[in-house]
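heads up, no residue letters with this:
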């Protein structure tokens, strides 16, 4: 059973996690597990909420199909689709973090910044999962303003299992070659060492049990800082906002310029 983190007093080395991210290839069960986890934590009295940080690729895929195109890349072009995906996911994560800041909720995040890095590697014209290319460097510049989640679960699934799940749900399609490249990309990310890797090949109940079992154990987290005055908090918020917008605008403008 997950401990009642809501009543656990933080020590100098532990505190309640406020951001839990679920990442992994398409078909790994991120959305299902994020919903289940948020519901399970809320049922234990914690202010947990499901938050989706999608990049719009599925929506553009449906639009492309309606317009007689194969997918979003065929509709917009590969580089433009990656740029649009980067911008939309950046905005979605910003919205989630701002909401978490003002509500004090535990955000159970369906995808995070690392999903964009893996997507860029896997969607490259010549996928090299182990290599950071220019598009990823610029995405990292834009996303670096976001804090690292307290816990990042990588739902590790065999590409063949993911492929079957995607085909069964019936509303989209992924090539096996892409799923294999995406799986390799996640394993090659420098952030991989900090992931909690969960075997996601089993049933939703088995995967959920593994997630909860990890959260049941104490998690070492940075100690919270001392209290700040309202003026200091306001000044820091303004500085963070300015730095965020400047870094994102620089990186995304460079990506946009590369399209022309």
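Structure received. This structure is a prediction, so every number in the text was calculated from the model and none was measured. Numbers count the residues shown, from 1 in each chain.

Name the helix or strand of this protein that has the lowest mean pLDDT.
helix 230-257 (a mean of 47; mean pLDDT, DSSP states H and E).

Mind listing the residues bridging to residue 154?
Beta-bridge pairing for residue 154 (DSSP bridges): residue 23, residue 197.

List the residues that contact it.
23-24, 186, 192, 195-198 (Cβ atoms under 8 Å, 6 or more residues apart in numbering). (Glycine included, C-beta is placed from N, CA and C.)

would TSV of the residues you listed with pLDDT and distance to residue 175 be doable?
Converted to TSV, the contacts of residue 154 look like this (pLDDT from 0 to 100; distance: Cβ to Cβ, whole Å):
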residue	pLDDT	distance to residue 175
23	97	20
24	97	17
186	97	17
192	97	23
195	97	25
196	97	28
197	98	24
198	98	25
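
buried subset of these?
Buried members of those, counted by 16 or more other Cβ atoms under 10 Å: 23-24, 186, 195, 198.

Report the buried residues of the helix or strand hosting residue 97.
Per DSSP states H and E, residue 97 falls inside helix 78-103. In terms of neighbour count (16+ other Cβ under 10 Å), helix 78-103 has its buried residues at 79, 81-90, 92-94, 96-97, 100.

State whether residue 124 and residue 132 are indeed in contact, as I suppose.
No. Between residue 124 and residue 132 there is no contact under Cβ atoms under 8 Å: 10.7 Å.

Residue 51 belongs to a helix, doesn't it?
No. Residue state for residue 51 (DSSP: H, G, I helix; E, B strand; the rest coil) corresponds to strand; a helix is not indicated.

can you tell me which residues contact it?
96, 99-100, 107-110.

Same list, these, but as a markdown table with pLDDT and distance to residue 180 please.
Below are the contacts of residue 51 laid out as a markdown table (pLDDT from 0 to 100; distance: Cβ to Cβ, whole Å):
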| residue | pLDDT | distance to residue 180 |
| --- | --- | --- |
| 96 | 93 | 29 |
| 99 | 92 | 35 |
| 100 | 91 | 34 |
| 107 | 95 | 30 |
| 108 | 97 | 28 |
| 109 | 95 | 25 |
| 110 | 94 | 22 |
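
any chance of the residues you listed in CSV, plus distance to residue 35?
Shown next, in CSV, are these (distance: Cβ to Cβ, whole Å):
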residue, distance to residue 35
96, 15
99, 17
100, 17
107, 13
108, 8
109, 12
110, 8
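
give me the low-pLDDT residue ranges for the stretch 1-150 of the chain?
1-15, 55-79, 81 (pLDDT under 70).

Which residue ranges of it form helices?
30-43, 57-66, 72-76, 78-103, 113-122, 134-143 (DSSP state H, counting those that start in this stretch).

Mind checking the ones you listed for the one nearest to residue 204?
helix 30-43 (5.6 Å; Cβ to Cβ).

which parts of the closest one are buried?
Those would be 30, 32-38, 40-42, for helix 30-43 by 16+ other Cβ under 10 Å.

for these, which one is nearest residue 147?
For the buried residues of helix 30-43, the nearest to residue 147 is residue 34 (18.4 Å; Cβ to Cβ).

mind listing what that closest one touches?
With Cβ under 8 Å, 6+ apart, residue 34 has these contacts: 22, 50, 52, 108-110.

again, only this time at 6 Å
By Cβ atoms under 6 Å, 6 or more residues apart in numbering, the contact set of residue 34 is 22, 50, 108, 110.

I am finished for the moment; much appreciated.
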